[in-house]
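Enquirer: how would this look folded up:
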Amino acid sequence: MMNSQLVTVYLGLGSNLEDRRQHLDMAIDFLKERIKIEQLSPIYDTAPVNLPGQPRFLNMVVRVSTRLSPNNLLFMAKGIEAKLGRVPLDTPRPIDIDILFFGDQVINTPPDLVVPHPRLFERAFVLVPLADIAPDLVHPGNKKTVKQMLESVQGKDDVKLLTDPNKPKP
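Expert: Numbers count the residues shown, from 1 in each chain. This is a model prediction of the structure:
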């Protein structure tokens, strides 16, 4: 089902398998087929959180606008993950796409669709790239800005800037 109006959505993308950068690029290409990409954060190299023994991730945040409903957006994201070889387990993954914010909506239909993302405020690997493109975005639940949440999050030291995708590739 489509919304009648465009909604601004923030998606978290991560990859920790094989060519991580290529997986991010492919996911963005698939997203562009269905929704409008507004802005890409820089890409960060990050340690896996609560996934012992797994390889490091590349993480980024993408701001998009869409008329898709939250459920249809989730369905599309899971379809892209499947196309790129993701299996729904805590194993290394070619791509992980999370809906971080869907406009200012609070959606609570666990286990699949909880927005804003329920662990967003404790994840430096999400808050660092999100703060690059939306530092003043207000969390509709805790009423804190992304910048405020980033100030108190643990693990920022292990979120290393990799590249800025808004600059031309060499």
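
Enquirer: phi, psi of Asp45?
Expert: Note on Asp45: its backbone torsions stand at phi -90, psi 120 [degrees, to the nearest 10].

Enquirer: That one and Lys83, how far apart?
Expert: 24 Å (Cβ to Cβ, to the nearest Å). Any C-beta I mention is one placed from the backbone N, CA and C, and that applies to glycine too.

Enquirer: In the chain, where's the longest strand?
Expert: In the chain, taking DSSP state E as the definition, the longest strand is strand 2-15.

Enquirer: Show me what counts as buried in the helix or strand following it.
Expert: Downstream of strand 2-15, the first helix or strand assigned by DSSP states H and E is helix 20-34. Residues of helix 20-34 classed as buried by neighbour count (16 or more other Cβ atoms under 10 Å): Arg20, His23, Leu24, Met26, Ala27, Ile28, Phe30, Leu31.

Enquirer: is it true that the first one touches Phe57?
Expert: Put plainly, it is Arg20. Yes - between Arg20 and Phe57 there is a contact under Cβ atoms under 8 Å: 7.1 Å.

Enquirer: Could you check how many residues crowd around Asn71?
Expert: 13 (other Cβ atoms under 10 Å).

Enquirer: re earlier: taking helix 20-34 as reference, get the angle to the longest strand of the chain.
Expert: Orientation check (axes from the mean of the first three to the mean of the last three Cα atoms, to 10 degrees): strand 2-15 against helix 20-34 gives 170 degrees.

Enquirer: How far away from the center of its chain is strand 2-15?
Expert: 10 Å (Cα atoms, centre = their mean, to the nearest Å).

Enquirer: So what are the sheet partners of that strand and their directions?
Expert: Partners of strand 2-15 in the sheet, by DSSP bridges, are strand 57-68 (antiparallel), strand 96-102 (antiparallel).

Enquirer: Run through the residues that contact Phe121.
Expert: By Cβ atoms under 8 Å, 6 or more residues apart in numbering, the residues touching Phe121 are Leu127, His139, Asn142, Lys144, Met149, Val153.

Enquirer: Glu151 now?
Expert: Under the criterion of Cβ under 8 Å, 6+ apart, Glu151 has no neighbours.
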